[in-house]
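Novice: got a sequence here, can you build the structure:
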Amino acid sequence: MSDAIDLTRLRAWLERNVRGYAGPPELHRFEGGQSNPTFRLHSASGDYVLRRKPAGTVLPSAHAVDREFRVMRALHKTGFPVAAPLALCEDDAVLGSAFYVMSMVEGRVLWDQTLPGVPPAERAAMFDSMNQTIAALHAVDWRAAGLEGYGRPENYLARNIARWTKQYRASEIDRIEAMDRLIEWLPANQPARDATAIVHGDFRMDNLIFHPTEPRVVAVLDWELSTLGDPVSDFAYHVMSWRIAPEIHRGLAGADLAALGIPAEADYVAAYFRRLGQTPVEHWDYYIVYGMFRLAAIMQGILKRAHEGNAASAQAFEVGARAAPLAAQAWELARSL
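Specialist: I've put the predicted structure just below:
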């Protein structure tokens, strides 16, 4: 599957920009995901991954593959588990949109967090590795890593509530009353915090690669939403899946966590703060509400792209339709605080 990619132009660019590359290239698109189209690139010199910005009109500041490449390059130098970024192309004339090439990391990408068929002890180890990985990310010295200016650390929550409100409004099709309520409630109830770390922005199990046979994370994928900001917001966005039903967004709500060997939310949260040498924050549920609001805004953006015929996945309409029930759950939680 070439996805309208000119393989002749791609080969010429690869030979000029990727050390040791030998063609011809074969592209096979990875299924799943709603963001930047991603391909396994097979060639005589081995396998790579190509990730590109979608063609056509996209929302302002979205799908910034150049930012993904920059943060991955910085993190790879620290030893954090990411694929090795190899080359970036910002010239739309080559393939029609910006793209980059990185090394291929073999392993398991797991979509069902209940991990069917995995023994409970191994499940527990995989969740612990996931917890350790996001804690390690938030512990990286972003200045020493060369990421000064990668984001604006100050007023992270206020700016991002405003950003996702704007993105949601730009994608709005039918009115979602719960989103309107959240847009009013979130700024009015924002806790005061001033912490900064590299935040992934979409840290979840299916954005990780686990070792083929061992219960440990070997690479973190999809850095499109990464920036400098509040690490607790980033962690809460990851943990909100404990509250969300599987049919909404591959959540864990309703699962028998103890029987599965999956830690309870409180234990998982405590482990993260313990790894960072911190005490758990107050107003934890506020961050869960913000995470749900943000995900609902992202889902609405997916729905908008689907209506415009510019979605990255065949399931875009189905995913986008979940924005309203998720917003309703977030508003119900907000009202209880």
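
Novice: from now on I want contacts and neighbour counts done on CA atoms only, so please keep to that.
Specialist: Noted.

Novice: residue 49: what's it in contact with?
Specialist: Residue 49 makes contacts with 38, 39, 40, 41, 101, 102, 103, 104, as judged by C-alpha atoms under 8 Å, 6 or more residues apart in numbering.

Novice: pull stretch 174-192 out as PDB, backbone CA atoms only.
Specialist: Written as PDB, here are the backbone C-alpha positions of stretch 174-192 (Å, rounded to 0.1, in the frame of the first residue of the first chain):
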ATOM      1  CA  ASP A 174     -23.400  19.400  16.600                       C
ATOM      2  CA  ARG A 175     -23.500  21.100  20.000                       C
ATOM      3  CA  ILE A 176     -22.400  19.000  23.000                       C
ATOM      4  CA  GLU A 177     -23.800  20.600  26.100                       C
ATOM      5  CA  ALA A 178     -21.300  18.800  28.400                       C
ATOM      6  CA  MET A 179     -18.400  20.300  26.500                       C
ATOM      7  CA  ASP A 180     -19.900  23.800  26.900                       C
ATOM      8  CA  ARG A 181     -20.100  23.200  30.600                       C
ATOM      9  CA  LEU A 182     -16.600  21.900  30.900                       C
ATOM     10  CA  ILE A 183     -15.300  24.900  28.900                       C
ATOM     11  CA  GLU A 184     -16.700  27.100  31.600                       C
ATOM     12  CA  TRP A 185     -15.800  24.900  34.600                       C
ATOM     13  CA  LEU A 186     -12.200  24.000  33.900                       C
ATOM     14  CA  PRO A 187     -10.700  27.600  34.000                       C
ATOM     15  CA  ALA A 188     -12.800  28.500  37.000                       C
ATOM     16  CA  ASN A 189     -11.600  25.600  39.100                       C
ATOM     17  CA  GLN A 190      -7.900  25.200  38.000                       C
ATOM     18  CA  PRO A 191      -5.500  24.300  40.700                       C
ATOM     19  CA  ALA A 192      -2.300  26.400  41.200                       C
END
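
Novice: in it, what counts as buried?
Specialist: Neighbour-count burial for stretch 174-192 flags 178, 179, 181, 182, 183, 186 (criterion: 16 or more other C-alpha atoms under 10 Å).

Novice: show me where the protein has its helices.
Specialist: Counting by DSSP state H, the chain has helices at residues 7-17, 65-78, 92-95, 120-139, 156-171, 177-188, 231-239, 246-249, 257-260, 265-275, 284-307, 316-320, 323-336.

Novice: redo those as TSV? Include mean pLDDT.
Specialist: As requested, those are exported to TSV (pLDDT from 0 to 100):
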stretch	mean pLDDT
helix 7-17	95
helix 65-78	96
helix 92-95	91
helix 120-139	98
helix 156-171	94
helix 177-188	98
helix 231-239	97
helix 246-249	89
helix 257-260	97
helix 265-275	98
helix 284-307	94
helix 316-320	86
helix 323-336	97
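
Novice: residue 108 is nearest to which of those?
Specialist: helix 120-139 (11.5 Å; C-alpha to C-alpha).

Novice: and the helices of the chain: which comes nearest residue 216?
Specialist: Among the helices of the chain, helix 120-139 sits nearest to residue 216 (C-alpha to C-alpha), with 5.3 Å.

Novice: which residues sit against that closest one?
Specialist: In contact with helix 120-139 (C-alpha under 8 Å, 6+ apart) are residues 80, 115, 197-199, 203, 205, 215-217, 231, 235, 259-263, 268, 271-273, 275-276.

Novice: picking that back up, closest to residue 149 out of the helices of the chain?
Specialist: Closest among the helices of the chain, using C-alpha to C-alpha: helix 65-78, at 11.4 Å.

Novice: contacting residues around stretch 203-223?
Specialist: With C-alpha under 8 Å, 6+ apart, stretch 203-223 has contacts from 67-68, 71-72, 81-83, 105-111, 113, 122-123, 125-126, 129-130, 133-134, 200-202, 234-235, 237-238.

Novice: residue contacts, the most centrally placed residue in the chain?
Specialist: In the chain, the centroid-proximal residue (C-alpha atoms, centre = their mean) is residue 202; its distance is 2.5 Å. For residue 202, the contacting residues are 222, 223, 225, 226, 234, 237, 238, by C-alpha under 8 Å, 6+ apart.

Novice: repeat that for 10 Å
Specialist: For residue 202, the contacting residues are 221, 222, 223, 224, 225, 226, 234, 235, 237, 238, 291, 295, by C-alpha atoms under 10 Å, 6 or more residues apart in numbering.

Novice: what do you get for residue 156?
Specialist: Residue 156 neighbours (C-alpha under 10 Å, 6+ apart): 162, 193, 194, 195, 196, 227, 228, 229, 230, 233.

Novice: one more time with 6 Å, if that's ok
Specialist: When contacts are counted by C-alpha atoms under 6 Å, 6 or more residues apart in numbering, residue 156 touches residue 229.

Novice: likewise for residue 245?
Specialist: 251, 253.

Novice: got a pLDDT number for residue 3?
Specialist: For residue 3, the model assigns a pLDDT of 52.

Novice: same question, residue 256
Specialist: Value for residue 256, per-residue pLDDT: 97.

Novice: repeat for the one 5 residues further on
Specialist: pLDDT for residue 261: 97.

Novice: tell me the contacts of it?
Specialist: Contacts of residue 261 by C-alpha under 6 Å, 6+ apart are 120, 123, 124.
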